[in-house]
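Asks: here is my input, please return the structure:
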Amino acid sequence: MLTHLRLKNWRSLRDVEIADLTPITVFIGANSSGKTNILDALYFLRNIAEYGIVETVFTWGGRQKICSVNATPVEPIGIEFTYSSPAKTRLTKSIQIAFHESD
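Replies: Numbers count the residues shown, from 1 in each chain. Predicted coordinates for the structure are as follows:
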């Protein structure tokens with residue numbers, strides 16, 4: 001079960017941490033507050049697991065489509081998540097994607 005999620009420079013989310021996720025988590029907020037971007041980050045992670053990071057970034061449209069508008073070209077995109085299994089094993093993974101200025 002996903003228990004923690006942190007997104008840095010992901011689309012409209014500059015630095016967001018969501019702790020204590022439960023089996024049923026509901027995101028409520030105004031339009032354009034980032035709810036869909038949270039779900040997109042999870043889809044992005046799934047695609048990385050299935051197709052690899054280079055193919056996923058290319059398919060999603062590169063830096064222009066996945067990086068925060070306010071991030072500078074040298075700031076990496078960061079997605080960190082913690083997963084706990086039924087056996088109480090906790091696994092934390094972090095992915096950072098850095099782009100060159102010409103990308």
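Asks: count of neighbours near the residue nearest to Leu2 when sequence neighbours are not counted?
Replies: Setting aside the residues directly before and after it, Leu2 is nearest to Leu21 in space (C-beta to C-beta, 6 or more residues apart in numbering), at 5.4 Å. Heads up, the C-betas are built off the backbone N, CA and C, glycines and all. Leu21 has 16 neighbours, counted by other C-beta atoms under 10 Å.
Asks: I'd say Leu21 and His4 touch.
Replies: Yes: look at Leu21 against His4 with C-beta atoms under 8 Å: they come within range, at 6.5 Å.
Asks: show me where the chain has its helices.
Replies: With helices called from DSSP state H, the chain shows them at 35-51, 53-59, 63-66.
Asks: pick out the shakiest of these, pLDDT-wise.
Replies: The weakest mean pLDDT among the helices of the chain belongs to helix 63-66, with a mean of 86.
Asks: and that helix, C-alpha only, in CSV?
Replies: C-alpha atoms of helix 63-66 as CSV (Å, rounded to 0.1, in the frame of the first residue of the first chain):
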residue,chain,number,x,y,z
ARG,A,63,10.5,18.5,-19.8
GLN,A,64,7.9,21.0,-21.0
LYS,A,65,5.0,18.7,-20.1
ILE,A,66,6.1,17.2,-16.8
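Asks: what does that helix contact?
Replies: Here helix 63-66 makes contact (C-beta atoms under 8 Å, 6 or more residues apart in numbering) with 10-11, 44, 57, 60, 73, 77, 97, 99, 103.
Asks: got the buried residues for that helix?
Replies: Judged by neighbour count using 16 or more other C-beta atoms under 10 Å, the buried positions of helix 63-66 are 63, 66.
Asks: just the strands in the protein please.
Replies: Along the chain, the stretches classed as strands by DSSP state E are 2-10, 13-18, 77-84, 90-97.
Asks: next, the angle strand 90-97 makes with the longest one.
Replies: Inter-element angle recorded for strand 2-10 and strand 90-97: 10 degrees (by axes from the mean of the first three to the mean of the last three C-alpha atoms, to 10 degrees).
Asks: perfect, I'm done here.
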